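K.L.:
Sequence and predicted structure below; questions after.
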Amino acid sequence: MTDTTVTKEQMLAYVADARRLLAQVQDPIWAITPKQTDEEHLADYEVTLARTRVAFPEMEEKTEMNMVLGEGGIVYAFTGHSPTAADRAKALVGFIRTMPFLLDSLVASLEAKEEHSARVTELLQHNNTQLTENREQRAEIKRLQSRVKWLLELVPGEQMKAVSA
């Protein structure tokens, strides 16, 4: 997804679809079997398949096995043969394929936040400096007005004008 321009509508549609697919994966955990031979792994997998049959008794006898494959047909994950297994496999593939875009977006968002935060800090400092300068200028104006008033009071005949002003 990083090679193509993605519209906002496409992103929002993906988010909605991803949330729907996430509902197919409830409380996932990573698990590992003990070291076993291929035959022992197959026996364990038979037990897993049997558990799925018990959980979904209405399943047909013949089902499709869903999985996530990598280059060269390497199996990354089996998601099973239950009615929701295809959605889980699609979700995993979708999440893996969109991860570069999501990571790029996260980095861009963090960088933008940092840049905006720095700009806001810069603007606040500038505003505080301006406010301080304005206060100092107002204080200077008041001081000068007071001095002018005092000087005018010293000039004969100007006292009346100063009072009326």
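P.N.:
Ah, there it is. Note that the structure is a prediction, hence the values are computed from the model and not measured. Numbers count the residues shown, from 1 in each chain.
K.L.:
alpha carbons only for contacts and neighbour counts from here, please
P.N.:
OK.
K.L.:
The most centrally placed residue in the chain is in what secondary structure piece?
P.N.:
The chain has residue 106 as the residue nearest its centroid, 5.5 Å off, counting by Cα atoms, centre = their mean. Per DSSP states H and E, residue 106 falls inside helix 85-154.
K.L.:
Distance from that helix to the middle of the chain?
P.N.:
Offset of helix 85-154 from its chain centre (Cα atoms, centre = their mean, to the nearest Å): 20 Å.
K.L.:
And the residue nearest to the centre of the chain, what's its pLDDT?
P.N.:
Looking at residue 106, its pLDDT reads 89.
K.L.:
heads up, I number from 487, so please use that
P.N.:
From this message on, residue numbering opens at 487, which makes the last subject residue 592.
K.L.:
Report the secondary structure state of residue 554.
P.N.:
strand (DSSP: H, G, I helix; E, B strand; the rest coil).
K.L.:
Pull the contacting residues for it.
P.N.:
The contact partners of residue 554, taken as Cα atoms under 8 Å, 6 or more residues apart in numbering, are 561, 562, 563, 564, 565, 575, 578, 579.
K.L.:
repeat that for 10 Å
P.N.:
560-565, 572, 574-579 (Cα atoms under 10 Å, 6 or more residues apart in numbering).
K.L.:
Same check on residue 612?
P.N.:
Here residue 612 is in contact with 606, 618 (Cα under 10 Å, 6+ apart).
K.L.:
do the one 4 residues further on as well
P.N.:
Residue 616 makes contacts with 610, 622, as judged by Cα under 10 Å, 6+ apart.
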